[in-house]
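>>> coords please:
(one chain, ligands or ions: 1)
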Amino acid sequence: MSITAADYRWPHRHLLGIEQLSADDVRFLLQTAKGFEAVSTRSIKKTPTLRGKVVVNLFFEDSTRTRSSFTLAASRLSADVLELAGKGSSISKGETLADTGRNIEAMGVDVLVVRHHLSGAAHQLSEAVSCSVVNAGDGQHEHPTQGLLDIFTICQRLGRDDFDLSGLTVAIVGDIAHSRVARSNIHGLRKLGAHVILVGPPTLLPRGFEDMGCELSYCLDDVLPRVNVFNMLRVQFERIEGQAFPSVREYAHMFGLTEKRLENAKPETIVMHPGPVNRGLEIESVIADGPRSAILQQVTNGLAVRMAVLFLVTSVKEPAAV
Ligand code: CP
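Numbering: from 1, shown residues only. Okay, the predicted model is just below:
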């Protein structure tokens, strides 16, 4: 089912997670992103859609893809963009996130894009300010624009133009426990009808994810032949306490995606990774750089998806819904 702007009113002033979105919200957002794709292929990569609006990037954790993508997305929509990092801001002097948000907002801001190491930080900020808040990754909770761009890429690559993922099996592999990318993907993929298999060592794949409608597996080789899409997650060493697996060699042997392993997968299988990639651990370089890989396509699609997000959250008039 295709949803058009004529019959749909976007209701969310903030984007805090995919969990809060309906299936129609997700489809409409992806449809809107499709409309913005062409802007990035023109010789003049700009549209006046958000002229006069102000977008602020508040990044309290490192980022390459998400931060630059939001900056470019806002610029391509002709918004003014301000960059603020934890290091170098008054957060380092003890100012709270809420105070930081309110002070930045006092300069006349329309959207705060926030990345923070604490789960729930984006929600907390949204309660402190009146402008829109977009979650660019909060702790282990959600990374909604990553989930959306992943799903956009799957649909593009597999020809699902109607954003219906029925009959498709997506394996999310690796460090599920610490992954906000996994949680956002699970919410979005399940809403659009995909079957989701979570694969990883028991230490990184705790029980409870069945409640989100997922199948759990501790053996990648067992599920290989059934999978249409592999989404390989980064092992988040910085969040792992103690030893989650015997050695990186053992992890790569059990859960790394290799050319040999892919011989048992469907020929049309695609491989994704949100980045940054630990080459040789989660995925062999020959796969990451090979024809099945959608990794750079994911990054390209992040722009259109983030343009759609900035456009939609600023389109909501009061009274605001979350
Ligand atoms: N995928 C992702 O969030 O990458 P960055 O940490 O570089 O933004």
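>>> where does the spatially most central residue of the chain fall, phi/psi-wise?
In the chain, the residue lying closest to the centroid (CA atoms, centre = their mean) is Gln146, at 1.1 Å. Main-chain torsions, Gln146, degrees, to the nearest 10: phi -70, psi -40.
>>> what's the distance between it and the ligand?
From Gln146 across to the ligand, the span is 5 Å (CB to the nearest ligand atom, to the nearest Å). Yep, even glycine has a C-beta here, placed from its N, CA and C like the rest.
>>> My read is that that residue contacts His273, right?
No: contact criterion CB atoms under 8 Å: Gln146 and His273 do not qualify, at 11.0 Å.
>>> Show me which residues of the stretch 51-200 of the chain sit near the ligand.
Ser63, Thr64, Arg65, Thr66, Arg67, Gly137, His143, Gln146 (CB under 6 Å from any ligand atom).
>>> Of those, which belong to helices?
Within these, residues falling in helices by DSSP state H are Arg65, Thr66, Arg67, Gln146.
>>> For the helix of greatest length in the chain, name the packing helices and strands.
Ordering each helix of the chain by length in residues (DSSP H) puts helix 295-313 first. In terms of contacts (3 or more CB pairs under 8 Å, 6 or more residues apart in numbering; DSSP states H and E), helix 295-313 is packed against helix 23-36, helix 65-76, strand 132-138, helix 144-158, strand 270-272.
>>> Quickly check: that helix near the ligand or not.
No: Helix 295-313 does not reach the ligand (CB under 6 Å from any ligand atom); its nearest approach is 8.1 Å.
>>> buried residues in that helix?
295, 297-313 (16 or more other CB atoms under 10 Å).
>>> swap in stretch 197-215?
Quick answer for stretch 197-215 (16+ other CB under 10 Å): Ile197, Leu198, Val199, Gly200, Pro201, Leu204, Leu205, Phe209, Cys214.
>>> what's the farthest-apart pair in the residues you listed?
Pro201 and Cys214 (16.1 Å; CB to CB).
>>> And the helices in the protein, which stretches?
Going by DSSP H, the chain shows helices at 23-36, 65-76, 97-105, 121-128, 144-158, 180-191, 220-223, 248-255, 259-262, 285-288, 295-313.
>>> What number of residues are in the vicinity of the closest residue in space to Leu257 that isn't next to it in sequence?
Of all residues not flanking Leu257 in the chain, Ile283 sits nearest, at 4.7 Å (CB to CB, 6 or more residues apart in numbering). By the criterion of other CB atoms under 10 Å, Ile283 has 28 neighbours.
>>> my guess is Ile283 meets Phe255, correct?
No: using CB under 8 Å, Ile283 is not in contact with Phe255, being 9.9 Å away.
>>> List the buried residues of stretch 14-32.
14-21, 23, 25-32.
>>> again with stretch 241-252
Ala244, Phe245, Tyr251, Ala252.
>>> wait, the first one sits on Leu204?
Read that as Ala244. Yes: checked against CB under 8 Å, the pair Ala244 and Leu204 is within contact range at 5.4 Å.
>>> Common neighbours of those two, please.
Applying CB atoms under 8 Å, 6 or more residues apart in numbering, one finds that Ala244 and Leu204 are jointly contacted by Asp175, Val235.
>>> I'd say Ile172 and Val196 touch.
Yes: contact status for Ile172 versus Val196: in contact at 6.5 Å, counting by CB under 8 Å.
>>> Overlap of the contact sets of the two?
Common neighbours of Ile172 and Val196 (CB under 8 Å, 6+ apart) are Asn185, Ile186.
>>> Run the chain-centre distance for stretch 206-221.
20 Å (CA atoms, centre = their mean, to the nearest Å).
>>> Rounded mean pLDDT for that stretch, please.
Stretch 206-221 shows a mean pLDDT of 95.
>>> Need the distance between the two termini of it.
19 Å (CA to CA, to the nearest Å).
>>> List the residues that contact the residue nearest to the centre of the chain.
With CB under 8 Å, 6+ apart, Gln146 has these contacts: Thr66, Gly137, Arg180, Val181, Ser184, Asn185, Pro274, Gly302.
>>> and those as a markdown table, adding distance to Glu268 and pLDDT?
Converted to a markdown table, the contacts of Gln146 look like this (distance: CB to CB, whole Å; pLDDT from 0 to 100):
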| residue | distance to Glu268 | pLDDT |
| --- | --- | --- |
| Thr66 | 29 | 98 |
| Gly137 | 30 | 98 |
| Arg180 | 29 | 97 |
| Val181 | 23 | 98 |
| Ser184 | 25 | 98 |
| Asn185 | 20 | 98 |
| Pro274 | 21 | 98 |
| Gly302 | 23 | 98 |
